[in-house]
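> how would this look folded up:
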Amino acid sequence: MFVVELIYKADLAAIDAQMRAHMAFLKKHYAAGTFVVSGRKIPRDGGIIIATGKSRQEIEAIVREDPFCKLGLAAFRIIEFRAIQRADDIEARIARDG
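This next block holds a predicted model:
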């Protein structure tokens, strides 16, 4: 599994102008089964995506498709980890805190 951190390099007006395209990118990769959960960082200086994939290189290639990254509006950092445990009620926790 992978934690993808997006770090904004542009002001929020430029980010918001590309939000629709970014959301389409997210939707595509949720449908493909790659993205598990995502959201804005607080403070709003980027975002986080939890993803599954075969390799770091695969995830890097996908993230480079993100309009924010393609247009130079955001940089990214990828952390690979092995998921060993999870909360049985993860969906309820996300709904409660979201």
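> now the end-to-end length of stretch 65-77.
End-to-end distance of stretch 65-77: 14 Å, with Cα to Cα, to the nearest Å as the criterion.
> could you do stretch 78-91 as well?
End-to-end for stretch 78-91, by Cα to Cα: 24 Å.
> stretch 36-47 too?
End-to-end distance for stretch 36-47: 14 Å, by Cα to Cα.
> if I look at the nearest residue to residue 66 once chain neighbours are set aside, how far off is residue 71?
Computed as Cβ to Cβ, 6 or more residues apart in numbering, the closest residue to residue 66 that is not its neighbour in sequence is residue 25, at 5.2 Å. Heads up, the C-betas are built off the backbone N, CA and C, glycines and all. Separation of residue 25 from residue 71 (Cβ to Cβ, to the nearest Å): 12 Å.
> residue at max distance from the center of this protein?
No residue in the chain sits farther from the centre than residue 88, which is 22.5 Å out by Cα atoms, centre = their mean.
> look up how far residue 6 lies from that one.
29 Å.
> what of residue 18?
Counting by Cβ to Cβ, the separation of residue 18 from residue 6 is 12 Å.
> comparing these two, which residue is more hemmed in?
Counted by other Cβ atoms under 10 Å, residue 18 and residue 6 do not tie: residue 6 has more neighbours, with 24 against 18.
> in the protein, where is pLDDT below threshold?
The model of the chain has pLDDT under 70 over residues 97-98.
> just give the number of residues close to residue 36.
Residue 36, neighbours per other Cβ under 10 Å, totals 15.
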